[in-house]
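Enquirer: Coordinates only, no sequence provided:
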């Protein structure tokens, strides 16, 4: 779905939407500053910019008991970095919860991922994956 959203935005605002390297570098620098004092999570390392895709990895500092808690941590971050246009979708991978996103304005767009990592996020991701996959360790 995210790719469809990006394609729609590029058809509306121009094929270069989200591909301006200088704008993406400025966004990455600003995002790092804006999330420096985020509650319940802290940035691991530097933001990574790869082929117009920004990745921000966060170590989650508290247990993630449910989906609302995971979303609360992620959207505390998004509240700081998103601009006029914003869309996100989450997926559970081994060891982390990944929130892919697009944000921007009609002039500049940014595509990326907020990755919630660390033992608390990994444990929650595994529990959620077992629930959706019906794994042997999940008991309803």
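Expert: In hand now; what should we look at? Predicted model only: the values in this text are computed from it and were never measured.

Enquirer: So for stretch 128-140, mean pLDDT?
Expert: Mean pLDDT, computed over stretch 128-140, is 71.

Enquirer: And stretch 37-48, by the same measure?
Expert: Model confidence over stretch 37-48, given as mean pLDDT, is 94.

Enquirer: Next, the buried residues of that stretch.
Expert: 38, 40, 41, 43, 47 (16 or more other CB atoms under 10 Å). For the C-beta atoms, the positions are set from N, CA and C on the backbone; glycine is no exception.

Enquirer: now do stretch 110-127
Expert: Here stretch 110-127 shows 110-118, 120-122, 124-127 as buried, counting by 16+ other CB under 10 Å.

Enquirer: Now the two most distant members of these.
Expert: The most widely separated members of the buried residues of stretch 110-127 are 110 and 127, with 30.9 Å between them, by CB to CB.

Enquirer: on contacts alone, who are the packing partners of the worst-scoring helix or strand of the chain on mean pLDDT?
Expert: Scoring the helices and strands of the chain by mean pLDDT, DSSP states H and E places helix 119-133 at the bottom, with a mean of 91. Under the contact definition 3 or more CB pairs under 8 Å, 6 or more residues apart in numbering; DSSP states H and E, helix 119-133 sits against helix 67-81, strand 85-93, strand 96-104.

Enquirer: just those: most buried one?
Expert: Greatest average neighbour count among the helices and strands packed on helix 119-133 goes to strand 96-104 (a mean of 22), per mean count of other CB atoms under 10 Å.

Enquirer: Identify the residues contacting that strand?
Expert: 2, 5-6, 9, 17-18, 64, 70, 74, 78, 81-92, 109-117, 121-122, 124-125, 128 (CB atoms under 8 Å, 6 or more residues apart in numbering).
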